[in-house]
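Novice: Turn this into a model:
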Amino acid sequence: MDTHANPAPANLLGESPVIVAVRSTLLRVATTNLTVLLQGESGTGKEVAARLLAAHSGRSPACFVKVNCAAIPNELLESELFGYEPGAFTGAVKQKSGKFELAGDGTIFLDEISEMPLPLQAKLLQVLQDGEFSRLGGQRSLSVNVRVIAATNVDLRAAVAARQFRRDLFYRLNVISVVLPPLRQRASDIPLLAHHFLDRYSHLYQRSPAPFSSALWRQLCSHEWPGNIRELENLIKRYVVLGDEASLFEELAANLTSGPLERMAPVSPVGSLLDVGRRAAAQAERELMLQALARTRWNRRQAAMALGISYKSLQNKLKALHPAVAEPAAPTPCPAE
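Specialist: Prediction:
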């Protein structure tokens, strides 16, 4: 949990149509008091969106309080959110204010809201409906004037259908719903984001990394990014610290091996020993090719020489694995969406 007074203005970087539309929606609702539900895969920037809402609201001088509902044990979450009175439980020797009180007239960001236990969801519903709550073990109701922003990477409608999330709370949270797009749907923003992280961490760690090669830019732009912006940020951070471009190729190649290529040809669990041997040989050949490509920064001619085969043979083998792997990719910037 983080409590920040005067949160620094946040921004959702990107110029792709999908992120421009999201940013426009957030700025339109920022000055209202409406509850906002941020949805999207992990790493898509839901906390950045929440901070943007807080920074551009009339509440920006007040506190921004973040609570990760998945990071706190269920038995402690209620006392963290609403505080407690002395004697409320063993060890409660003095009064403690909860996060709703600490937020004051500001904003509270409830991340991973789907992880909140059902009994506590009822108490949150009361806050949203009446603007009141009581501390754990307390008898007196306290009023609160706080804006609630919630976030989840779970389909809450499905959770409601499965009776894992209260329907009435879902409708209270879902006043304004904003879906943060995954990075693979805004690939044209990858160069902008990568340069942003390069500048940030070069300054932070006092390093001067070499510019990316065109081959690495092609790989960054074609990668699926299952971890989204967080995965890209961590990869850039490692490059700034280590300065080793080859390690980035190896990581991206490893993700490629366990990603689209694996889904192209699922292995049957039943077969002869000859079939097993053929599959093992094909798997070993694929891994050797990808390792050679990673070491040569995807220079196919150098990789073919290292493998002891012709350039044409390497191209044919890559095309048999996945046509997109064998085709030369366009240099940065990424293709328009």
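Novice: In contact with the residue sitting nearest the centre point of the chain, which residues?
Specialist: The structure's the chain has its C-alpha centroid closest to residue 43; by CA atoms, centre = their mean the separation is 0.6 Å. By CB atoms under 8 Å, 6 or more residues apart in numbering, residue 43 lies in contact with 183, 227-231. Yep, even glycine has a C-beta here, placed from its N, CA and C like the rest.
Novice: How about residue 289?
Specialist: With the criterion set at CB under 8 Å, 6+ apart, residue 289 makes contact with 303, 307, 314, 317-318.
Novice: how long is stretch 146-165 end to end?
Specialist: One end of stretch 146-165 to the other measures 22 Å (CA to CA, to the nearest Å).
Novice: low-confidence ranges in the stretch 201-337 of the chain?
Specialist: By pLDDT under 70, the weakly predicted segments of the stretch 201-337 of the chain are 254-284, 287, 294, 297, 320-337.
Novice: could you list every residue that touches the residue nearest to residue 57 when sequence neighbours are not counted?
Specialist: Counting by CB to CB, 6 or more residues apart in numbering, the nearest residue to residue 57 once its immediate chain neighbours are dropped is residue 30, at 5.0 Å. For residue 30, the set of contacting residues under the criterion of CB under 8 Å, 6+ apart consists of 52-53, 55-57.
Novice: now, which of the residues you listed sits nearest residue 141?
Specialist: Distances from residue 141 to the contacts of residue 30, taken as CB to CB, are shortest for residue 57 (25.8 Å).
Novice: can you count the residues close to that closest one?
Specialist: 20 (other CB atoms under 10 Å).
Novice: cool, and residue 312?
Specialist: Number of residues near residue 312 (other CB under 10 Å) recorded here: 9.
Novice: part of a strand, is it?
Specialist: No: assessed by DSSP: H, G, I helix; E, B strand; the rest coil, residue 312 does not belong to a strand; its assignment is helix.
Novice: quick one, what contacts it?
Specialist: So residue 312 contacts nothing (CB under 8 Å, 6+ apart).
Novice: Look up how far residue 33 lies from it.
Specialist: When CB to CB, to the nearest Å is applied, the distance between residue 312 and residue 33 equals 65 Å.
Novice: One more: residue 94?
Specialist: The gap separating residue 94 from residue 33 is 33 Å, by CB to CB.
Novice: Find the nearest non-adjacent residue to residue 97, please.
Specialist: Of all residues not flanking residue 97 in the chain, residue 83 sits nearest, at 4.7 Å (CB to CB, 6+ apart).
Novice: pretty sure the residue nearest to the centre of the chain is in a strand, no?
Specialist: No: according to three-state DSSP, residue 43 belongs to no strand; its state is coil.
Novice: Can you give me the pLDDT of it?
Specialist: Looking at residue 43, its pLDDT stands at 94.
Novice: Show me the strands in the stretch 1-150 of the chain, by range?
Specialist: In the stretch 1-150 of the chain, the strands defined using DSSP state E, counting those that start in this stretch lie at 2-5, 36-39, 63-68, 107-111, 132-133, 142-143, 147-152.
Novice: To what extent is the residue lying closest to residue 154 once chain neighbours are set aside buried, counted in neighbours?
Specialist: For residue 154, ignoring the flanking residues on the chain, the nearest one in space by CB to CB, 6+ apart is residue 114 at 4.0 Å. Look at residue 114: counted by other CB under 10 Å, it has 18 neighbours.
Novice: can you pull the contacts of residue 114?
Specialist: Shown here is residue 114, whose contacts under the criterion CB under 8 Å, 6+ apart are 69, 152-154, 156, 159, 164-165.
Novice: Now intersect those residues with the strands, please.
Specialist: With strands taken from DSSP state E, the overlap with these comprises residue 152.
Novice: Of the contacts of residue 114, grab the buried ones for PyMOL.
Specialist: Buried residues within the contacts of residue 114, as defined by 16 or more other CB atoms under 10 Å, are selected in PyMOL through the command that follows:
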select buried, resi 69+152+153+156+159+165
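Novice: Out of the contacts of residue 114, which sit inside helices?
Specialist: With helices identified by DSSP state H, the entries of the contacts of residue 114 that belong to them are 156, 159.
Novice: Alright, that wraps it up for me.
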